[in-house]
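**Student:** The following comprises the amino acid sequence and a computationally predicted model.
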Amino acid sequence: MSSYPDEIELDIDGMAQGGAGVGRWEGRVIFAGGGLPGERVRVRLTQRKSSFAHGQVVEVLTPSPDRVPPRLPGADHIPWQHIAYPAQLRFKQTILSEQLAKLADLTAPPVAPMLPAPHPWGYRNTAHLRVQGTHIGYYAAGTHRIVNLSHDPLLLPILNAALAGLHAAIDTTAWEVEQVTLRASATHGYAIAIIYGTGTIPALAQRWRARVPYLADVTWQFTDDPDALSPEITLHEELDDVVFALAPDSFFQTHTAQAATLLEVVRSGLELAPGARLLDAYSGAGTFALPLAHNLAEIVAIEEHPQAVADGEWSAQLNNISNVDFITAPVERVLPELEPPFDAAILDPPRRGCHPAALAALVELRPPRIAYISCHPGILARDLRPLLDAGYRLLQVQPVDLFPQTPHIECVALLAM
């Protein structure tokens with residue numbers, strides 16, 4: 001078997017988890033970033049192993065009809081912007097089905113058609129921007145070099161207005177800013193922000209607010225003195241008529257419109273009857289628990305991050321919701337101590353998935369229905385296996401496109417005992 005050259009030509013015949021095109025060269029698998037099925041491409045290799053290699057497409061010799069002009073060429077945070085949106089949906093559904101079949105050992109996994117985003121651009125309600133001098137943007141892939149960004153087509157319009165105002169405010173290198181977090185309320189049409197840095201950042205916050213009418217509040221954190229006092233600010237967002245009061249660094253789904261779709265998939269899948277008892281593991285600020293609380297007897301919501309729990313409890317008070325019991329602790333520590341029965345359970349773990357002890361404890365509780373919300377098909381497949389081995393049936397996997405223009409795949413797996 002010959003050694004790899006610096007560049008190779010190959011045909012792309014599939015898409016891999018993570019979003020790279022897949023082809024073969026002299027019997028070895030090549031993962032080609034930027035390649036689409038049906039294309040012949042030239043690839044510059046960046047990583048070589050005995051049986052596979054990774055690389056980046058440097059020339060498209062025969063383009064796919066699914067290829068479209070990118071809106072922001074060279075933007076690494078929009079890795080699928082060269083793919084027509086209907087094709088993105090097809091690829092994500094195929095990747096999800098393949099990962100479940102291979103890693104969960106499922107024959108013909110019950111994957112439903114992807115639920116598309118009504119607006120596949122201008123949807124993100126959050127941005128974490130790096131700052132160096134007057135450059136504001138994101139790191140280029142694999143580096144600490146900031147790609148200066150005047151406009152991001154993924155962001156809600158009010159966040160792009162805030163970004164433009166920040167560029168105007170940071171007009172010299174005198175401001176000692178390292179990072180900025182932008183958050184928007186899609187429901188109420190305003191933004192808030194956190195500035196991270198040293199020196200005169202309170203003055204920059206005032207200067208920035210004066211330039212952006214929709215920037216309601218700005219707070220800051222001194223990176224050389226994290227305990228220094230700064231203004232407390234809150235973002236108010238609505239989901240299914242529930243008002244959420246969120247700290248500026250608390251997690252909330254970054255695509256508000258599709259979060260509502262995700263909630264409806266969970267609600268219909270769990271088939272909760274009035275008076276039911278629901279378990280919500282990895283509950284965050286109560287994104288699912290609070291909208292589902294109506295007519296239920298009790299919801300036990302478990303979340304290990306104190307700020308998220310504080311936001312959830314405050315949001316419950318704002319909405320006069322009294323049947324959600326938040327517990328601040330790791331899920332794997334709490335589940336073995338809970339008393340059954342539960343009529344249903346929600347699992348919404350971080351990207352790393354569920355702790356094995358949490359899955360084992362859930363099996364002991366044996367809720368008749370489970371909704372597992374996942375952002376990684378491979379991790380979902382891993383976590384489904386012990387549930388299936390314990391007697392649960394996989395009824396359906398419903399993908400919901402929360403992240404258009406990227407290969408990230410969000411879905412809800414519905415299981416029944």
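**Tutor:** Cool, got the structure.
**Student:** And the strands in the stretch 101-250 of the chain?
**Tutor:** When assigned using DSSP state E, counting those that start in this stretch, the strands of the stretch 101-250 of the chain occupy the ranges 126-132, 135-139, 146-148, 177-185, 190-197, 215-222, 235-239, 242-246.
**Student:** Tell me which of the ones you listed approaches residue 323 most closely.
**Tutor:** If you check each of the strands of the stretch 101-250 of the chain against residue 323 by CB to CB, strand 242-246 wins as the nearest, at 13.3 Å. Quick note: C-beta positions are derived from backbone N, CA and C, even for glycine.
**Student:** Which neighbouring elements make contact with the closest one?
**Tutor:** Here strand 242-246 is seen to pack against strand 235-239, helix 289-292, helix 306-318 when contacts are counted using 3 or more CB pairs under 8 Å, 6 or more residues apart in numbering; DSSP states H and E.
**Student:** how much space is there between residue 252 and residue 339?
**Tutor:** Note on residue 252: its distance to residue 339, by CB to CB, to the nearest Å, is 30 Å.
**Student:** can you check residue 136 too?
**Tutor:** Look at residue 136 and residue 339: by CB to CB, they are 51 Å apart.
**Student:** Using CSV, write out every CA atom in stretch 175-187.
**Tutor:** Provided in CSV are the C-alpha atoms of stretch 175-187 (Å, rounded to 0.1, in the frame of the first residue of the first chain):
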residue,chain,number,x,y,z
TRP,A,175,-9.9,48.6,25.4
GLU,A,176,-8.7,45.5,27.2
VAL,A,177,-11.5,43.2,26.1
GLU,A,178,-11.0,39.4,25.8
GLN,A,179,-14.5,38.0,25.1
VAL,A,180,-18.1,39.1,24.7
THR,A,181,-21.3,37.1,25.2
LEU,A,182,-24.4,38.3,23.4
ARG,A,183,-27.9,37.1,24.2
ALA,A,184,-31.2,38.0,22.6
SER,A,185,-34.8,37.6,23.6
ALA,A,186,-36.4,36.4,20.3
THR,A,187,-39.8,37.0,21.9
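**Student:** Can you report how many residues lie near residue 341?
**Tutor:** Burial of residue 341 is recorded as 10 neighbouring residues (other CB atoms under 10 Å).
**Student:** Would you confirm that it contacts residue 276?
**Tutor:** No - with contacts defined as CB atoms under 8 Å, residue 341 does not count as touching residue 276, sitting 10.0 Å away.
**Student:** which stretches of the stretch 201-350 of the chain have low pLDDT?
**Tutor:** In the predicted model, the stretch 201-350 of the chain carries no residue with pLDDT under 70.
**Student:** coming back round to it: which one of residue 252 and residue 339 has more residues nearby?
**Tutor:** Of the pair residue 252 and residue 339, residue 252 is the one with more neighbours under other CB under 10 Å, namely 20 against 7.
**Student:** Would you confirm that the more buried one contacts residue 286?
**Tutor:** No - assessed by CB under 8 Å, residue 252 is found out of contact with residue 286, at 10.3 Å.
**Student:** what sits in contact with each of the two?
**Tutor:** Common contact partners of residue 252 and residue 286 (CB atoms under 8 Å, 6 or more residues apart in numbering): residue 244.
**Student:** who's in contact with the spatially closest residue to residue 313 that is not a sequence neighbour?
**Tutor:** Leaving out its chain neighbours, the residue that sits closest to residue 313 by CB to CB, 6 or more residues apart in numbering is residue 326, at 5.5 Å. When the contact criterion is CB under 8 Å, 6+ apart, the partners of residue 326 are 283, 286, 301, 302, 303, 309, 312, 313, 316.
**Student:** Just the buried residues of the residues you listed.
**Tutor:** When burial is judged by neighbour count using 16 or more other CB atoms under 10 Å, the buried members of the contacts of residue 326 are 283, 286, 301, 302, 303, 309, 312, 313, 316.
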